[in-house]
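Visitor: Need coordinates for the following:
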Amino acid sequence: MTAPLLAPLREARFRALVTGRTLADFGNAVAPFALAFAVVDLTGSAVDLGIVVGARSIANVLLLLFGGMLADRLPRSVILQGTETAAALTQAAVAVSVLCGFASVPLLAGLGLVNGAVSAISLPAAASLTPSTVPPALLAQANALVRLLSNTGRIAGAGLAGVLVAFAGSGWALAANSLLFLAAALAYRRIRLPGGERVPGRRPLAELAEGWREFRSRSWVWLVVLQFMIVNAVNAGALRVIGPLVADDTFGRTGWGLALAVQTAGALLGGVLAAHWQPRRMLLFGVALIMVDALPMLALGQTPYLLPLLAAMFLSGVAIEQFAVAWDVSLQENIPPDKLARVYSYDMLGSFVAMPLGQISAGPLAEHAGRTATLLGGAALIVGATALVLCSAQVRGLVRRAPVGPG
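Guide: Okay, here's the model as predicted:
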């Protein structure tokens, strides 16, 4: 029988981790929404918007491997304290530039580069820290709960961003965002781990090569990463660049904030389902459900009305969360702990590497081919990439190692 969903909260270290990640994700929900409309208000150009959001992704991609190496070498909780503090400072600088009227596309892109670098260093540390805070028997529940509470933060963040941008302006939304990152840094200070967390360092290239061998030795790992190279690039262009522009022309900015919040509400339900329903072939079901992620693009492209979009975003959130929990559990059960952060960094690098291309190319594609054609083409890419990965015997055959309950 599976343990209760809330069982991991008995562990003090896990409570500190989940508090920090929830606050950070609250802030991360506010940031792209507010930044997108800051650029729209500044220039109104889809190309400029793609450049600004793409700059952050470029820095994120370039430094992910470095972040994974640091997380396998240094105390991960200390890394998270530093990166969240740096994120607070960069977002505060963006807010000041917008509120004081000296924001420009080059300035916002430059600050985005810094923020992306900070995020790259934090991501592998955050993802690989969960197994150090709970017993192995609670790993699935812990991952589901981390994502469940983080998604609660994203819902609140998306809702707050929509209200602040609509009624106070994007500058004040970005200022609130910086305070959330600072609160996350304070939460991470409460994580205390045994001395075994620190791993003796070797030459950086040797450590990266060791992580690469772990990554490429399992075809189910790199195939899913290739799938998400496409899925994330399409979503980055469709939901971060084209989505706000469609919203401005149809159902409004508050409606777009509601759509993002509803997607995260779907993720909440997906997290609860993932905690209670843990099939032996958890990864297979998670990968297959990603086809549902094409629905928001179909809704934006074919029926740019709020109600169909809300339904599509909700179902997409459920599907994404089912996959995310299955993916984290699969990696954490099958990758050695001392190499986990580096494998996560290769996973994130592959998954994110095409996001700048998706963001930067979305504006020109929408202007030349039309928004509808661009969105429908993106939906087709998601379905096709997922179908190809499902052909893999390793993806279909991977089973849970930890005991699971009935069903």
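
Visitor: From residue 401, how far off is residue 219?
Guide: 18 Å (C-beta to C-beta, to the nearest Å). C-beta coordinates here come from the backbone N, C-alpha and C atoms, glycine included.

Visitor: Next: residue 255.
Guide: Using C-beta to C-beta, residue 255 is found at 44 Å from residue 401.

Visitor: got it, and residue 317?
Guide: Distance from residue 317 to residue 401, counting by C-beta to C-beta: 28 Å.

Visitor: And those two? Which one has more around it.
Guide: Comparing residue 317 with residue 401 by other C-beta atoms under 10 Å, the one with more neighbours is residue 317, at 28 against 14.

Visitor: can you tell me which residues contact residue 121?
Guide: 63, 66, 67, 70, 79, 83 (C-beta atoms under 8 Å, 6 or more residues apart in numbering).

Visitor: which element is the last one on?
Guide: The reference is to residue 83. Applying DSSP states H and E as the criterion places residue 83 in helix 76-99.

Visitor: got a winner among the contacts of residue 121 for most neighbours?
Guide: For the contacts of residue 121, counting by other C-beta under 10 Å, the largest number of neighbours falls to residue 67: 28 neighbours.

Visitor: For residue 132, see how far away the nearest residue to it once chain neighbours are set aside is.
Guide: Spatial nearest neighbour of residue 67, excluding adjacent residues (C-beta to C-beta, 6 or more residues apart in numbering): residue 121 at 4.1 Å. Going from residue 121 to residue 132 by C-beta to C-beta gives 18 Å.

Visitor: right, and residue 297 touches residue 381 too?
Guide: No: counting by C-beta atoms under 8 Å, residue 297 does not reach residue 381; the two are 9.3 Å apart.

Visitor: any common contacting residues for these two?
Guide: What both residue 297 and residue 381 touch, as defined by C-beta under 8 Å, 6+ apart, is the set residue 234.

Visitor: More neighbours: those two, which one.
Guide: Set residue 297 next to residue 381 and count neighbours by other C-beta under 10 Å: residue 297 wins out with 28 against 17.

Visitor: for residue 262, phi and psi?
Guide: Main-chain dihedrals, residue 262, degrees, to the nearest 10: phi -70, psi -40.

Visitor: burial of it, as a residue count?
Guide: What residue 262 shows, counting by other C-beta under 10 Å, is a neighbour count of 23.

Visitor: Show the subsequent helix or strand relative to the helix or strand hosting residue 287.
Guide: Using DSSP H and E, residue 287 sits in helix 282-289. Going down the chain from helix 282-289, the next helix or strand is helix 295-302, by DSSP H and E.

Visitor: what's that following helix packed up against?
Guide: Other elements packing on helix 295-302 under the criterion 3 or more C-beta pairs under 8 Å, 6 or more residues apart in numbering; DSSP states H and E are helix 306-334, helix 371-389.

Visitor: Just the CA trace of the shortest one, in CSV.
Guide: Coordinates of the C-alpha atoms in helix 371-389 are reproduced here as CSV (Å, rounded to 0.1, in the frame of the first residue of the first chain):
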residue,chain,number,x,y,z
ARG,A,371,-0.1,32.8,-36.1
THR,A,372,-2.6,29.9,-36.8
ALA,A,373,-0.2,28.0,-39.1
THR,A,374,2.7,28.4,-36.6
LEU,A,375,0.6,27.2,-33.7
LEU,A,376,-0.8,24.2,-35.6
GLY,A,377,2.6,23.3,-36.9
GLY,A,378,3.9,23.3,-33.3
ALA,A,379,1.0,21.0,-32.2
ALA,A,380,2.0,18.5,-34.9
LEU,A,381,5.6,18.5,-33.8
ILE,A,382,4.6,17.6,-30.3
VAL,A,383,2.4,14.7,-31.3
GLY,A,384,5.0,13.4,-33.8
ALA,A,385,8.0,13.6,-31.4
THR,A,386,6.0,11.8,-28.7
ALA,A,387,4.9,9.0,-31.1
LEU,A,388,8.5,8.3,-32.1
VAL,A,389,9.7,8.0,-28.5
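
Visitor: Tell me the buried residues in the next helix or strand after that helix?
Guide: Downstream of helix 371-389, the first helix or strand assigned by DSSP H and E is helix 393-397. For helix 393-397, the neighbour count (16 or more other C-beta atoms under 10 Å) marks residue 395 as buried.

Visitor: Show me which residues of the longest helix along the chain are buried.
Guide: Longest helix of the chain, by residue count under DSSP state H: helix 12-42. Using 16+ other C-beta under 10 Å as the test for burial, helix 12-42 gives 13-40, 42.

Visitor: Stretch 297-306 now?
Guide: 297, 298, 299, 300, 301, 304, 306.

Visitor: who's in contact with stretch 274-286?
Guide: 2, 5, 140-141, 143-145, 147-148, 220, 224, 321-327, 329-330, 390, 395-400, 404-405, 407.

Visitor: quick one: terminal-to-terminal distance for that stretch?
Guide: Start and end residues of stretch 274-286 are separated by 10 Å (C-alpha to C-alpha, to the nearest Å).

Visitor: What residues of that stretch count as buried?
Guide: 274, 275, 278, 281, 282, 283, 284, 286.

Visitor: tell me which of those residues is nearest to residue 345?
Guide: For the buried residues of stretch 274-286, the residue nearest residue 345 by C-beta to C-beta is residue 283; the value is 19.8 Å.

Visitor: And that closest one, how far from residue 251?
Guide: On the measure of C-beta to C-beta, residue 283 and residue 251 end up 36 Å apart.

Visitor: Tell me the secondary structure of residue 191, please.
Guide: Following DSSP: H, G, I helix; E, B strand; the rest coil, the label given to residue 191 is coil.

Visitor: check contacts around it.
Guide: Contacts of residue 191 (C-beta under 8 Å, 6+ apart): 13, 16, 17, 20, 77, 80, 129, 133.
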